[in-house]
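A.B. asks: Got a predicted structure plus its sequence, pasted below:
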Amino acid sequence: MARDALAIVYPAPSDLDRLEALADAMPRWTGSLEDALVAITGLSMDIPVWTLNYRDLAAFRNLRFWTPA
């Protein structure tokens with residue numbers, strides 16, 4: 001069951017630094033800070049992410065997406 005695997009993760013102050021660095025490294029990217037936080041969390045935890053916004057997250061080549069079967 002999905003609830004058994006649910007873990008709520010809150011951004012740490014260091015995550016905000018990573019978001020700033022990401023925004024500086026990708027000045028033409030049109031995604032939001034929320035998109036960037038989802039990407040950074042998924043990549044750092046090596047887990048697939050679920051989103052309705054695949055277009056903005058496509059810039060993260062190593063990011064995996066979870067889709068219901």
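C.D. replies: Good, I have the coordinates.
A.B. asks: And the lowest mean pLDDT element among the helices and strands of this structure?
C.D. replies: When each helix and strand of the chain is scored by mean pLDDT, DSSP states H and E, helix 2-5 comes last, with a mean of 72.
A.B. asks: Just the C-alpha atoms of that helix, please, in CSV.
C.D. replies: Extracted in CSV, the C-alpha atoms of helix 2-5 (Å, rounded to 0.1, in the frame of the first residue of the first chain):
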residue,chain,number,x,y,z
ALA,A,2,1.3,3.5,-0.8
ARG,A,3,0.7,4.8,2.7
ASP,A,4,3.2,2.3,4.0
ALA,A,5,6.0,3.8,1.9
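A.B. asks: Distance from the chain centre to that helix, please.
C.D. replies: Centre-to-centre, helix 2-5 and its host chain are 20 Å apart (CA atoms, centre = their mean, to the nearest Å).
A.B. asks: so where's this structure shaky on pLDDT?
C.D. replies: Where the chain drops to pLDDT under 70, the residues are 1-2.
A.B. asks: Next, please give the residue ranges for the helices of it.
C.D. replies: For the chain, the helices defined by DSSP state H cover 2-5, 13-25, 33-45, 54-57.
A.B. asks: Out of these, the one nearest residue 68 is which?
C.D. replies: Closest to residue 68 of the helices of the chain, according to CB to CB: helix 2-5, at 9.6 Å. Glycine gets a C-beta too; all of them are placed from N, C-alpha and C.
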